[in-house]
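1. what shape does this take:
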Amino acid sequence: MSEPVDLVVGGMTCASCAARIEKKLNRLPGVEATVNYATDKATVRLPQGTSIDDAIATIVATGYTARLPAPPPTVETGPAAESDADTLALRQRLLVSTALAIPVTLLSMVPALQFDNWQWLALMLAAPVAVWGAWPFHRAAWVNARHGAASMDTLISVGVLAAFGWSLYALFLGDAGMTGMTMELSFSMTAGGSTEIYLEVAAAVTVFILAGRYFEARAKSRSGAALTALVNLGAKDVAVLRDGVERRIPISELLVGEVFVVRPGEKVATDGVVVDGSSAVDTSLLTGEAVPVEVGPGDTVVGATVNAGGRLSVRASRVGADTELARIGRLVEQAQTGKAPVQRLADRVSAVFVPIVFVIALGTLATWLALGAGPEQAFTAAVATLIIACPCALGLATPTALLVGTGRGAQLGILIRGPQILESTRQVDTIVLDKTGTVTTGRMTLLGVHPGPGSDEAELLWLAGAAEAGSEHPIGVAVVTGATARLGTLPAATDFASAQGFGVQAVVDGHLVLVGRPRWLADEWQVDLPADLAETLAGVESTGQTAVAVAWDGSARGILAVADEVKPTSATAVAQLVDLGLTPVLLTGDNPTAAGAVADQVGIREVFAGVLPADKVDRVRALQAAGHVVAMVGDGVNDAAALAAADLGIAMGTGTDVAIEASDITLVRADLLAAVDAIRLSRRTLGTIKANLFWAFAYNVAAIPLAALGLLNPLIAGAAMALSSVFVVSNSLRLRGFRATAE
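-> This next block holds a predicted model:
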């Protein structure tokens with residue numbers, strides 16, 4: 001089976017069109033296809049021996065058009081203007097039809113305006129609307145008929161032509177063309193015999209449907225605006241250094257390995273590594289993180305972030321489609337083109353909806369005639385039944401909510417891989433959290449300085465920091481970073497030596513300084529801790545922190561406490577996960593003391609410590625075997641298997657590629673609060689989908705019987721049908737107001 005291929009499908013006008021194309025494609029041997037009405041795309045997975053041309057030919061044979069998509073929009077080309085042109089043409093058709101339909105409707109419904117022979121003026125105004133204005137519906141209905149199918153356009157076309165045709169009959173063959181004929185407004189059907197015309201129905205219904213289609217098209221465009229916004233985040237050009245000369249070139253010409261300059265206030269052109277300069281980089285546009293990140297030589301930066309401080313020189317590591325911004329865009333688009341399981345029912349209903357409506361309309365006509373009603377009454381009820389029925393709202397219920405929800409998530413640094421993930425977030429009751437890099441920062445930090453008798457904090461840090469300056473061990477780096485932050489520049493050390501895994505020694509300001517494990521100082525240097533420092537050591541280790549002893553001139557002088565620091569937001573995030581009905585579980589390979597200390601600090605009661613990578617999978621499966629639906633949050637290679645095994649895998653975007661690939665949701669922000677937002681947004685999106693489907697179903701269940709019973713004028717039916725689609729799309733657009741917890 002090949003990788004999925006996207007096709008742009010033309011000519012779809014309702015959900016039943018998408019259902020028909022999907023059914024035809026899936027009949028091809030080995031083909032798996034999903035057709036999305038909201039995005040006008042078909043995602044097709046082909047077996048060996050079947051070409052994409054076969055899929056295109058199948059769609060064309062069904063009565064629609066299909067083509068491979070144009071190259072993805074860039075900041076240079078901008079988004080494709082095709083949909084904008086279609087929307088503009090629809091707007092022009094709507095405006096002309098509205099201008100002609102308004103006087104027809106007023107003349108037909110306000111007796112005071114009905115001068116002699118007004119009906120002939122109404123005919124001249126209504127004819128262009130019923131023919132030209134409704135031409136998209138007539139054309140689509142004809143195409144469908146040629147292929148033995150029916151769609152929403154068939155209902156509209158038949159309804160408009162029936163109303164217009166009856167009016168022609170009444171005017172030319174009946175009594176409606178006589179001078180002095182009058183009509184009155186009625187919300188239900190009327191019984192005027194051959195003196196009753198429905199020109200206002202043919203014109204107004206066309207306008208209502210065109211208006212619904214226009215606002216629907218605009219809303220669909222707005223709901224996909226987040227993806228366009230992501231594309232437009234990137235820089236358009238870049239100042240690259242070539243042969244020592246700075247040149248401004250289009251971003252598309254930048255090559256991997258080239259060094260480019262980012263001045264204060266400019267966007268970082270692409271992903272890379274800082275080679276010179278230091279600054280604060282604002283990542284909020286891409287990750288939603290409000291606090292700028294300090295970067296310097298050796299630090300990585302991501303394209304589309306903004307340089308908020310000094311001048312940076314950056315070596316490009318990824319360009320074009322390989323960048324983080326492009327990867328995010330692909331993930332968002334993939335999520336928007338899929339279907340949630342809850343949508344499958346709506347698809348099945350839409351596929352059979354139109355034939356059922358025709359049967360109901362014919363049954364309505366026959367029943368009224370059998371009950372002795374006049375043909376005009378039977379006709380009115382049948383036309384209202386045709387016009388009121390609308391599967392469009394059903395078809396838009398899921399994709400529009402997905403477009404808005406996943407797009408808003410991308411703006412907040414939450415990437416949802418597919419719509420099926422939404423169902424998982426609703427069912428999850430247990431969330432397993434990796435400790436290092438997820439709950440904690442993932443790097444050692446100097447947390448405590450405890451001088452002994454005869455020394456003070458400044459002196460202890462001064463000498464210990466200088467001695468550790470030559471060390472690459474994470475603990476040594478933490479000591480140097482902490483000392484530099486508090487004291488500034490440290491003195492130079494000489495005669496540096498490292499005992500791997502135990503400690504370091506160096507001469508600083510004439511003092512032989514030892515920094516390392518207390519046992520190493522005692523065994524190798526015969527330096528024992530005095531009673532007060534031994535008590536301090538025990539207290540530090542009881543909290544799960546790592547204790548480092550410092551000695552000089554043959555005597556122990558103090559204790560430094562180093563640990564992987566808990567992120568400031570972790571405790572708040574854990575509390576909010578509990579509020580969402582989830583039971584948090586801490587899972588780590590660290591020792592029980594350190595794990596217990598972190599768990600106590602953030603409010604987690606259930607802890608699994610000393611767990612190997614393979615054991616993490618076993619722990620997840622054990623929870624599942626106990627009846628729990630498990631989410632897993634992690635960031636490392638050792639978390640990948642557990643992320644894949646969990647019912648819902650959530651990866652920190654700062655983690656490894658393998659962890660991200662194994663996950664269902666990727667958090668661009670390295671913040672556990674983003675996991676809370678991901679679950680909240682997913683649940684909100686799923687709730688919106690279910691609300692849309694409920695109201696779409698309820699609308700048809702309630703409206704069709706009213707129309708069949710003669711309680712709805714076709715004019716009112718057309719307005720209600722158009723409004724149902726607009727309601728569903730508008731409800732989905734409310735997701736744009738979703739706010740992150742930290743906002």
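2. kindly state the pLDDT recorded for Gly363?
-> For Gly363, the pLDDT comes out at 92.
3. typed the wrong thing, it's Thr546
-> Thr546 is given a pLDDT of 83.
4. separation between it and Leu533?
-> Thr546 sits 15 Å away from Leu533, going by C-beta to C-beta, to the nearest Å. Backbone N, C-alpha and C define where each C-beta goes, glycine included.
5. average pLDDT for the longest helix along the chain?
-> With secondary structure taken from DSSP state H, the chain has its longest helix at helix 672-708. Per-residue pLDDT over helix 672-708 has a mean of 85.
6. now it, how far from the centre of its chain.
-> With C-alpha atoms, centre = their mean, to the nearest Å as the basis, helix 672-708 stands 17 Å off its chain's centre.
7. equivalent analysis for stretch 454-468, please.
-> With C-alpha atoms, centre = their mean, you get 50 Å for stretch 454-468.
8. hmm, who's touching that stretch?
-> Here stretch 454-468 makes contact (C-beta atoms under 8 Å, 6 or more residues apart in numbering) with 449, 451, 476-477, 479-480, 482-484, 486-487, 490-493, 496, 504-506, 508-509, 511, 513-515, 548, 550, 552, 557-558, 560.
9. which of those residues are buried? Put it as a PyMOL command.
-> Typed into PyMOL, the line below selects the buried ones among the contacts of stretch 454-468, using 16 or more other C-beta atoms under 10 Å:
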select buried, resi 449+451+476+477+479+480+482+483+490+493+496+504+505+506+508+511+513+514+515+548+550+552+557+558+560
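10. from the contacts of stretch 454-468, which land in strands?
-> Among the contacts of stretch 454-468, DSSP state E puts 449, 451, 496, 504-506, 508, 511, 513-515, 548, 550, 552, 557-558, 560 in strands.
11. any buried residues in stretch 110-129, and which?
-> 114, 118-119, 122-123, 125-129.
12. would you check which pair of those residues lies furthest apart?
-> The most widely separated members of those, counting by C-beta to C-beta, are Gln114 and Pro128 (21.1 Å).
13. pLDDT below threshold where in the stretch 101-250 of the chain?
-> 152, 184-196, 212, 215-233 (pLDDT under 70).
14. what about the helices in it?
-> Residue ranges of the helices in the stretch 101-250 of the chain, as given by DSSP state H, counting those that start in this stretch, are 118-128, 135-146, 152-172, 199-223, 225-233.
15. number of nearby residues for Gly488?
-> 7 (other C-beta atoms under 10 Å).
16. distance check, it against Ala458.
-> Computed as C-beta to C-beta, the Gly488 to Ala458 distance reads 11 Å.
17. same thing with Val527?
-> 22 Å.
18. of the two, which one has the most company?
-> Of the pair Val527 and Ala458, Val527 is the one with more neighbours under other C-beta under 10 Å, namely 19 against 13.
19. if we can go back for a sec, buried residues, the longest helix of the chain. List them.
-> Of the residues in helix 672-708, 672-682, 684-686, 688-693, 695-697, 699-700, 703-704, 706-708 count as buried by neighbour count, 16+ other C-beta under 10 Å.
20. likewise for stretch 589-604?
-> The neighbour-count check on stretch 589-604 (16+ other C-beta under 10 Å) flags 589-590, 594-599, 601-602, 604 as buried.
21. need the residues that contact it.
-> Contacts for stretch 589-604 (C-beta under 8 Å, 6+ apart): 433, 435-436, 439-440, 541-545, 563-564, 566, 570-571, 573-575, 578, 584-586, 588, 605, 607, 609-613, 638.
22. switch to 7 Å and redo it
-> With contact meaning C-beta atoms under 7 Å, 6 or more residues apart in numbering, stretch 589-604 is reached by 435, 439-440, 543-544, 566, 570-571, 574-575, 584, 586, 588, 607, 609-612.
23. show me these that map onto strands.
-> Short answer: the contacts of stretch 589-604 in strands (DSSP E) are 440, 566, 584, 586, 607.
24. Val5: which of these is nearest?
-> Using C-beta to C-beta, Pro584 comes nearest to Val5 of those, at 40.9 Å.
25. number of nearby residues for that closest one?
-> Neighbours around Pro584, by other C-beta under 10 Å: 24.
26. residues contacting it?
-> Per C-beta under 7 Å, 6+ apart, neighbours of Pro584: 431, 433, 574, 577-578, 604.
27. is it in a bridge, and if so with what?
-> With DSSP bridges as the criterion, Pro584 is bridged to Ile431.
28. let me see the contact set for Leu241.
-> 259-261.
29. next one: it from Phe260, what distance?
-> According to C-beta to C-beta, Leu241 and Phe260 sit 7 Å apart.
30. one more: Ser732?
-> 40 Å.
31. higher neighbour count, the two?
-> Ser732 (29 against 25).
32. now the more buried one: phi and psi?
-> phi -70, psi -40 (degrees, to the nearest 10).
33. what's the answer for Glu457, then?
-> phi -60, psi -40.
34. run a quick neighbour tally on Leu95.
-> Considering only other C-beta under 10 Å, Leu95 is surrounded by 13 other residues.
35. isn't Gly296 up against Val275?
-> No - using C-beta atoms under 7 Å as the test, Gly296 is too far from Val275 to be in contact (10.2 Å).
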